[in-house]
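Chemist: below are the sequence and a predicted model; questions follow.
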Number of protein chains: 4
Amino acid sequence: MIGHGFMGAAHSQAWRVAPRFFDLPLQPEPTLLVGRDAGRTAAAAAKWGWAETATDWREAVAREDIDVIDIVTPGASHAEIAIAALQAGKHVLCEKPLANTADEARAMAEAAAVARTSSGARAMVGFTYRRLPATTHARNLVAAGAVGDVRQVRAVYLQDWLVDADAPLTWRLQQEQAGSGVLGDLAAHAVDLAQYITGLRLSEVSGTLETLVPTRPIPADSPAAATDDADGKAHGGGLGGTAGGSEERGPVTVDDVALFTGRFDTGVLGSFEASRMATGRKNALRVEISGTRGALSFDLEDLNFLDFYDYTAPADRQGFTRIMVTEPAHPYMEAWWPAGHSLGYEHGFVHQAKDFVEAVAAGTDPSPSFADGLQVQEVLDAVSRSAGKSSVWTPVA
Amino acid sequence: MIGHGFMGAAHSQAWRVAPRFFDLPLQPEPTLLVGRDAGRTAAAAAKWGWAETATDWREAVAREDIDVIDIVTPGASHAEIAIAALQAGKHVLCEKPLANTADEARAMAEAAAVARTSSGARAMVGFTYRRLPATTHARNLVAAGAVGDVRQVRAVYLQDWLVDADAPLTWRLQQEQAGSGVLGDLAAHAVDLAQYITGLRLSEVSGTLETLVPTRPIPADSPAAATDDADGKAHGGGLGGTAGGSEERGPVTVDDVALFTGRFDTGVLGSFEASRMATGRKNALRVEISGTRGALSFDLEDLNFLDFYDYTAPADRQGFTRIMVTEPAHPYMEAWWPAGHSLGYEHGFVHQAKDFVEAVAAGTDPSPSFADGLQVQEVLDAVSRSAGKSSVWTPVA
Amino acid sequence: MIGHGFMGAAHSQAWRVAPRFFDLPLQPEPTLLVGRDAGRTAAAAAKWGWAETATDWREAVAREDIDVIDIVTPGASHAEIAIAALQAGKHVLCEKPLANTADEARAMAEAAAVARTSSGARAMVGFTYRRLPATTHARNLVAAGAVGDVRQVRAVYLQDWLVDADAPLTWRLQQEQAGSGVLGDLAAHAVDLAQYITGLRLSEVSGTLETLVPTRPIPADSPAAATDDADGKAHGGGLGGTAGGSEERGPVTVDDVALFTGRFDTGVLGSFEASRMATGRKNALRVEISGTRGALSFDLEDLNFLDFYDYTAPADRQGFTRIMVTEPAHPYMEAWWPAGHSLGYEHGFVHQAKDFVEAVAAGTDPSPSFADGLQVQEVLDAVSRSAGKSSVWTPVA
Amino acid sequence: MIGHGFMGAAHSQAWRVAPRFFDLPLQPEPTLLVGRDAGRTAAAAAKWGWAETATDWREAVAREDIDVIDIVTPGASHAEIAIAALQAGKHVLCEKPLANTADEARAMAEAAAVARTSSGARAMVGFTYRRLPATTHARNLVAAGAVGDVRQVRAVYLQDWLVDADAPLTWRLQQEQAGSGVLGDLAAHAVDLAQYITGLRLSEVSGTLETLVPTRPIPADSPAAATDDADGKAHGGGLGGTAGGSEERGPVTVDDVALFTGRFDTGVLGSFEASRMATGRKNALRVEISGTRGALSFDLEDLNFLDFYDYTAPADRQGFTRIMVTEPAHPYMEAWWPAGHSLGYEHGFVHQAKDFVEAVAAGTDPSPSFADGLQVQEVLDAVSRSAGKSSVWTPVA
């Protein structure tokens, strides 16, 4: 695994837990953890159960006994690592967004296509929110026709950790590291989830990007906050925190609010918002699908529930049904606890690890593929371009 | 009162109830009800308690014993009636949207300005959702600084009575009568409410309008559905219903979905949606305000509640507080039932009647004025223009 | 109408509004308002639209032109007035609880039975919460088998207006006036509603009564608070308020918390609580029915909704469906506003007036009858007796 | 660890995860798993990561290299194992309920007291729901005076896995194995949680027990369902499932509904319900505390939230605040994910493992102790006795 910030903790937990709860065809072995700072990497490896460490990702790619490269670094380094790994015949799991630019993402998708035929290596991008029981169930319901034809989509991802104008300038707020702000970090999830659940693809967008707080304090005494090595803690990762009394401020070079309208390939309209300024909303990734026969509504803050409206039910019994998706009948739940026992955020990563291992073992393409990741990147790219042209409708790719 | 459809019922109820629960400085007398069909008008007058009827609104304007003209007809006729009434020195309460075009609205606002100085007549536009305890309380909280500086606004008005592609082609779906679709009917409320609560004004917009179902059955056997006289029933008004077996279809000439982004005069961004295609949402006028010190969230489907987030509270006690706005401490509630006893939709109209009468008696300007109504109309007009130009940002007026 | 406190306002509003929204077979005329204080009664009559006033209820009973006696006084006077009215051949609508004791209630039920055959006069007790769209719909669903056989019932009525130990000692806290505390005022509703929705009758109970705050300030300067004349305001009625600086305290002679378990005639168990000490709960009359095929859950604080669980639905789609009972398909709603437009507390009274008038006109028995009111009283009486005997199970009547 | 059913999976996961997320003073080593069936135990050990297996718990107690005995068998065997382990100087973590009878529990508590002074061994009972961020935060708020003096407590634990009258007769429905039904399994949690949050102890109760479905199909082809070895799956444990076509029925010898009223040592009243017949409620452990200055409400189905009502807030801003307890400021959360990222059911077990290890390392008493477990058992015992005496109020112990 390359990188060991917040995402590294989530992935480590997933690799360790997945084989306990699911009968996997192959057993993942946490072999080598790579980080730039030797000491910090060693500490993280001990904490998260990795056998060895290294400070150069090329070492992982070069080792014969390593089959899978899991990339959890910031987006700026994804392309280089993933392409090298694929060329070395490694299976690759790469965190989202696939890359910081559509060009990089395109090169990665091409490398994945080449690898698949040359070495059989598989590549997957980590849109983990697809893999919650509620979201997978939502997709299944749409696929089964439970909402009829999709008529409208509403998708938002609202957080509030930048409401405080003195929240520190972490790497996530710097364009060179993060590529973009809420667009790549939050809107990417909203776009992927909306497309995944509906089975539709966005073909054009009209959007606006905004940076509400233009400067923030530089976290002088904790430089790690500005790097991919973060702090080896699950709760780190450049989210929140304090600036440690620093008075020097630097420019925020990414967006903190993104608003856009999208048109899917069938002509359906969707509205999207991503914000780190939505006071009181902690992790509100919400998707609502309006269809000719029903509707679905999901909120990540209530991830054990899915609201379903059946427009074909008797008129006096219609309403949103709050399905607690913790029954054996719901996706992934057979492996977990008895009915009514909640899952949490990290379970999506466990399911991702399971699905990835199963696809690799079966020699099939994992989903979402790098091509899927590229397409999301192209949507975000189109939003940026539209935002630069007075929000004029702009085709995707 | 001119017109007697769904809105006529709501206004009649308001005129009768307001003086019972509030100590008004003047007593409204339901004198004359005007409708185009004499028989239907007489039936409505008997039902809603109006003393006399007429078939020409000019009669109402001409009568000396009538001080107030209440206009509840579709938007196409607002300008002519309101201007004549104002010129005759009558106080005017006019349903929203003020008019079907910004030009008409401008003429009405000018007539109101002239009347105010010439005859002292007052004019008010009926954005009744301002006058619920929750929305008035929201405005008061913003004005008191409870959310700090407004950073973002989200406003939607979602209904689903057009989800059925065979819902009939009522007057509300015909441009000549209704002016526009969800834009004038629903987005007008969202815009007014967002501006009212925040105290900000939209200065530019980027928007999209859409008609998802282009033709609908003509309600052959109930022509009233296509007129302003509707059916004298509270639940009518061109909303919902069935086409009565008709097979002939006519074109829907108004939008059924409107999506737009707006920028307020302070630079703050807002997102807006109005839809009659939001499956499962019956009357979801929702406004959320994100501010530097807090947030507010309102949903008309839960109109006795207002959610308030205090970002200055101790970190471990923060959350959205679900305020049940039915205490004597909340706006208008002193006049109603004991704590915890809910109000309904129609109470907004009662409060509107009260506020209008008080303003007239005091010789002060009622709010929202025709100028306010014009400004909303200009926002909607700018959305239409933006939608016609690939959603490019378009200034208001 | 005899009495003009909070309930008087609600009933007056109902008599005036019902004939506007419903096509009634008979037109109610608000003729005579009776109160003990002539001045206060005259003020209330003017406010609520009653033609004449009197200070002795016997005058109302004696008048030939009066057909209906509506009793909204505290429970202590119900029996005397109602029996006299029934003997005079008047139809009687009497507020709940039917009486302060089971003996009085029994005499009233007998008088009603006699009157029905002798003069055709009808009698009804005002359990108005039966007449909300949600509760009537709940009963209809149970009757239609939608929840199968009832297995358990949970019913609570939670308020918090006595949390403040210095809330004043109004008439509702004095046994001579009110008969009991939460038992007659709140638990009566919970019992009636649970029985109404399930169609079952409680046959034995085990209960506990408690007075958490034994003394409260006497409202020296507003003696009206301790009488049935209250203040002619809708929000009065001996609920809440302040003691006006009084330092003298008197004993609270009624219960402020009641907890009991009940067994219905089919053997089904129910749990009940009534409290005026449930901090933060303003008007939470909640009933939940668990059945072999489904469940229902209602909360008066969200009175436009009914939650329904269909245990026969596909396993992956089960959940509580939040039915917004504002569609034409729901009880009483055909007469009101378009879909999705909320009703409030007072609408239950309007529906009660309608149902009463229709029953009188049709010469059928209105429901709930005095016999129904007596049965509720007997349940409450059994709770009191059980509470006096260490909560031992005690048969009803 | 002794036993490897559903609870064994939860505890295994906890032992492995706790040291990754928390900096523990001692490192737990999953050494020996004990089960009656050698093959099934070996499979479970492999799955959950235990190094060795045995079929007799005495082997675990005898081994010198084992410091902690974790007991996750059904209640019938708790006392024998725990007492032997304590006498052997082992620290003991024992699942709830502490034992099937108060007598056994008393012997265990005494053994724990002796062991503490003789060998320093520590004993803890597994009321894991205390250790969720929401419940711990609730207790902290009460302790800090945020709700003032507790006035009332409402606690229910509602499930619905026995609604189907043909759900199989697992060990949880047999008195010899399970001791009791909902009383020991569900009410135990409600009692412990209510006492933990309030800091009060129940001193007398009045209760009713009921078995609504007296016979159920015997799961002929899966005898494991009736044993403590269950099936090594996380979702097993004698909850739910199907009877596999069996037609033979056996008697249910435990209660499936328990209703009781309790009086705490300060005189405060509490109402309690436990049910496996609450249609649509999957895992609704709910506790509501009403106090003189505020209120708290928790629901295990929404375990990342705690509702708090501040009765001292300005009157127009009061309401239940829905605190999402996923911030660093909330108990245990510093170790987990960034703000707004949900925990699930199993995290309570991780926190329990952490707290147990910390107490053992520090040589302090873990909480809840065996004495605490005994006291809960005594409450349940008093409920049983009261139920056998027509619900008469019965002192605890």
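Modeler: Cool, got the structure. Numbering: from 1, shown residues only, chains lettered A, B, ... in the order given.
Chemist: can you show me the helices along the stretch 251-397 of chain A?
Modeler: A:347-362, A:370-387 (DSSP state H, counting those that start in this stretch).
Chemist: may I see the buried residues of the last one?
Modeler: Across helix A:370-387, burial judged by 16 or more other CB atoms under 10 Å in any protein chain shown covers A:370-387. Where C-beta positions appear, they are placed from N, C-alpha and C, glycine not excepted.
Chemist: restricting to C-alpha, output it in CSV.
Modeler: The C-alpha coordinates for helix A:370-387 follow below in CSV (Å, rounded to 0.1, in the frame of the first residue of the first chain):
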residue,chain,number,x,y,z
PHE,A,370,-10.2,3.1,-14.3
ALA,A,371,-12.4,3.9,-17.4
ASP,A,372,-15.2,4.7,-15.0
GLY,A,373,-12.8,6.8,-12.9
LEU,A,374,-11.8,8.6,-16.1
GLN,A,375,-15.3,9.3,-17.0
VAL,A,376,-16.0,10.9,-13.6
GLN,A,377,-12.8,12.9,-14.1
GLU,A,378,-14.1,14.1,-17.4
VAL,A,379,-17.3,15.2,-15.9
LEU,A,380,-15.5,17.2,-13.2
ASP,A,381,-13.2,18.6,-15.9
ALA,A,382,-16.3,19.8,-17.9
VAL,A,383,-17.6,21.4,-14.8
SER,A,384,-14.4,23.4,-14.4
ARG,A,385,-14.5,24.4,-18.0
SER,A,386,-18.1,25.5,-17.8
ALA,A,387,-17.4,27.4,-14.6
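Chemist: touching chain B at all, stretch A:154-163?
Modeler: Yes. With CB under 8 Å from any CB of the partner chain as the criterion, chain B is reached by stretch A:154-163 at A:154, A:156, A:160, A:163.
Chemist: nearest to C:Q352 among these?
Modeler: A:R154 (40.5 Å; CB to CB).
Chemist: show me the shaky parts of the stretch 201-350 of chain A.
Modeler: A:220-246 (pLDDT under 70).
Chemist: which residues of it lie near chain B?
Modeler: Where the stretch 201-350 of chain A comes near chain B, counting by CB under 8 Å from any CB, the residues are A:206, A:208, A:210, A:212, A:257, A:259, A:261, A:269, A:271, A:273, A:275, A:277-281, A:288, A:290-292, A:294-295, A:297, A:309, A:311, A:318-320.
Chemist: in strands, which of these fall?
Modeler: Taking DSSP state E, the ones among these that sit in strands are A:206, A:208, A:210, A:257, A:259, A:261, A:269, A:271, A:273, A:275, A:288, A:290-291, A:294-295, A:297, A:309, A:320.
Chemist: buried subset of those?
Modeler: A:206, A:208, A:210, A:257, A:259, A:261, A:269, A:271, A:273, A:275, A:288, A:290-291, A:294-295, A:297, A:309, A:320.
Chemist: to A:W171, which of the helices of the stretch 251-397 of chain A lies closest?
Modeler: Nearest to A:W171 among those is helix A:370-387; the distance by CB to CB comes to 18.5 Å.
Chemist: might you name the residue of the stretch 101-250 of chain A sitting closest to chain C?
Modeler: Distances between the stretch 101-250 of chain A and chain C by CB to the nearest CB are smallest at A:H137, namely 6.6 Å.
Chemist: now the helix or strand harbouring that residue: average pLDDT?
Modeler: Using DSSP states H and E, A:H137 falls within helix A:133-143. Averaging the model's pLDDT scores along helix A:133-143 yields 98.
Chemist: what packs against that helix?
Modeler: Helix A:133-143 sits against helix A:188-198, strand A:284-291, strand A:294-299, strand A:305-310, with contacts defined as 3 or more CB pairs under 8 Å, 6 or more residues apart in numbering or on different chains; DSSP states H and E.
Chemist: redo that, cut-off 10 Å
Modeler: In terms of contacts (3 or more CB pairs under 10 Å, 6 or more residues apart in numbering or on different chains; DSSP states H and E), helix A:133-143 is packed against helix A:188-198, strand A:284-291, strand A:294-299, strand A:305-310, strand A:320-324, helix A:347-362.
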